[in-house]
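[1] could you work out the structure for the sequence below:
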Amino acid sequence: MTAEKKREITGWVSLFTLIVMFSGLLKNHPTLRALDFSYLLGTFGKISEGADFAGKGGIGTRQGFLVALTLVPSLMLSSGLIAVAQELGALEAAAKFFKPILKPIMGIPGVAGLAFVSSFTSSDIGAVMTKELYDDKYITDEERAIFVSYQYAASAVVTNTISAGGPLLSISLLPLGGIILIQLVVKIMGANIIRFMIYKNRNKVTEGEVQYG
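    Predicted structure coming up:
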């Protein structure tokens, strides 16, 4: 087996491992949840009932600093996992797997697939992945703008719908799956509005260059 073939195989294995880890599919499994990102991330210990080191009732810059500090572990863990997966060829596999999905619906390359999946459960991880994709020249500035517009609306759609909207689910006329589906459709619509605006602006610039030579 050639080195290229081995990298391709390890790339696909690492890609689907990351997808499963970030998707939250295994979070309730008694054994396999050891592969779930949230389980690996763990929780902060409680100083008193219902409060961790960030405390309760804080305001202003100090409280904002503590909230930001709580994001550091998730960003460190996700960045480490992505770096390892990237070395194993996961981004090349993602480009092949997600291209038929992401290119038609939003006009972004398949290499953004991991960020696409992770944004379902965490806006922070999706943002970090998107930044790294742009910094490493995997996506252009225009593609980043389209992708960010998708992520920004109803961010972390699955997690936030269940946690923040939990009290309303019992009186909702739609099932949870239907609510999330509607949000996803609207997110994609928003991304395509930005996509259309970029396309229109690009044409204006091109016409101006032709007109004025």
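[2] max-length helix in this structure?
    Secondary structure of the chain read by DSSP state H shows that its longest helix is helix 176-212.
[3] mind checking the pLDDT average for that one?
    In this model, helix 176-212 has a mean pLDDT of 81.
[4] so what secondary structure elements neighbour that helix?
    Packed against helix 176-212, as judged by 3 or more CB pairs under 8 Å, 6 or more residues apart in numbering; DSSP states H and E, are the following elements: helix 90-106, helix 141-152, helix 157-163. (C-beta placed from N, C-alpha, C; glycine too.)
[5] against which helices or strands is the following helix or strand past the longest one packed?
    By that I understand helix 90-106. Following helix 90-106 in sequence order, the next helix or strand is helix 113-118 (DSSP states H and E). Helix 113-118 is packed against helix 3-23, helix 60-87, helix 90-106, helix 123-135, helix 141-152, with contacts defined by 3+ CB pairs under 8 Å, 6+ apart.
[6] for helix 113-118, what is the distance to the chain centroid?
    Put simply, helix 113-118 sits 5 Å off its chain's centre (CA atoms, centre = their mean, to the nearest Å).
[7] still on that earlier bit, which of the helices and strands packed on helix 113-118 comes out lowest on mean pLDDT?
    Here the lowest mean pLDDT among the helices and strands packed on helix 113-118 goes to helix 60-87, at a mean of 80.
[8] give me the angle between that helix and helix 90-106.
    For helix 60-87 and helix 90-106, the angle between their directions (axes from the mean of the first three to the mean of the last three CA atoms, to 10 degrees) works out to 110 degrees.
[9] list the buried residues in helix 60-87.
    Within helix 60-87, the residues that qualify as buried by neighbour count (16 or more other CB atoms under 10 Å) are S74, S78, L81, I82, A85, Q86.
[10] what about the nearest residue to the fourth one once chain neighbours are set aside, how many neighbours?
    Using CB to CB, 6 or more residues apart in numbering and skipping residues adjacent in sequence, the residue nearest I82 is M129, 6.3 Å away. With neighbours defined by other CB atoms under 10 Å, the count for M129 comes to 25.
[11] quick one: residues contacting M129.
    S78, I82, A112, L114, A115, S118 (CB atoms under 8 Å, 6 or more residues apart in numbering).
[12] got JSON lines for these, with distance to A90 too?
    As requested, the contacts of M129 are arranged in JSON lines below (distance: CB to CB, whole Å):
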{"residue": "S78", "distance to A90": "13"}
{"residue": "I82", "distance to A90": "8"}
{"residue": "A112", "distance to A90": "13"}
{"residue": "L114", "distance to A90": "7"}
{"residue": "A115", "distance to A90": "12"}
{"residue": "S118", "distance to A90": "12"}
